[in-house]
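Trainee: let's see this in three dimensions:
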Amino acid sequence: MKPSIQRKIGEFKRLSANGKIHPVTTSKTKTRDSLSTAIHSKKDAENFIAEVKSARRG
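Mentor: Reported below is the predicted structural model:
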């Protein structure tokens, strides 16, 4: 396993043992894709998933 992944797992273990809850890292999407700009609400997401499932069946 990559050392960076092992360090991250160790970090999560330490945080859970301490009982501290806070973001380990902050991240932002570097690019905005069309899907993220099209889905604004839970309803939009549900409609999208329904369309994807429908397309898979057909």
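Trainee: need the three-state assignment for residue 40.
Mentor: Of the three states, residue 40 takes coil under DSSP: H, G, I helix; E, B strand; the rest coil.
Trainee: how close does it sit to residue 47?
Mentor: 11 Å (Cβ to Cβ, to the nearest Å). (Glycine included, C-beta is placed from N, CA and C.)
Trainee: for the two, indicate the residue with more neighbours.
Mentor: residue 47 (12 against 9; other Cβ atoms under 10 Å).
Trainee: which helices and strands sit right next to the host helix or strand of that one?
Mentor: Here residue 47 sits within helix 42-57, counting by DSSP states H and E. Here helix 42-57 touches helix 34-38, going by 3 or more Cβ pairs under 8 Å, 6 or more residues apart in numbering; DSSP states H and E.
Trainee: tabulate the CA atom coordinates of the helix it packs on in CSV.
Mentor: The C-alpha trace of helix 34-38 is given here as CSV (Å, rounded to 0.1, in the frame of the first residue of the first chain):
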residue,chain,number,x,y,z
SER,A,34,-21.2,20.3,-16.5
LEU,A,35,-22.7,17.7,-14.2
SER,A,36,-21.8,19.6,-11.0
THR,A,37,-23.3,22.8,-12.5
ALA,A,38,-26.5,21.0,-13.7
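Trainee: which secondary structure elements does that helix contact?
Mentor: In terms of contacts (3+ Cβ pairs under 8 Å, 6+ apart), helix 34-38 is packed against helix 42-57.
Trainee: which residues does the helix it packs on contact?
Mentor: 35, 38, 39 (Cβ atoms under 8 Å, 6 or more residues apart in numbering).
Trainee: so what pLDDT did the last one get?
Mentor: Think residue 39. On pLDDT, residue 39 comes in at 78.
Trainee: residues in contact with it?
Mentor: 45, 48.
Trainee: over to the first one?
Mentor: Contact criterion Cβ under 8 Å, 6+ apart gives residue 48 as the residues in contact with residue 35.
Trainee: 10 Å instead?
Mentor: Residue 35 makes contact with 45, 48, according to Cβ atoms under 10 Å, 6 or more residues apart in numbering.
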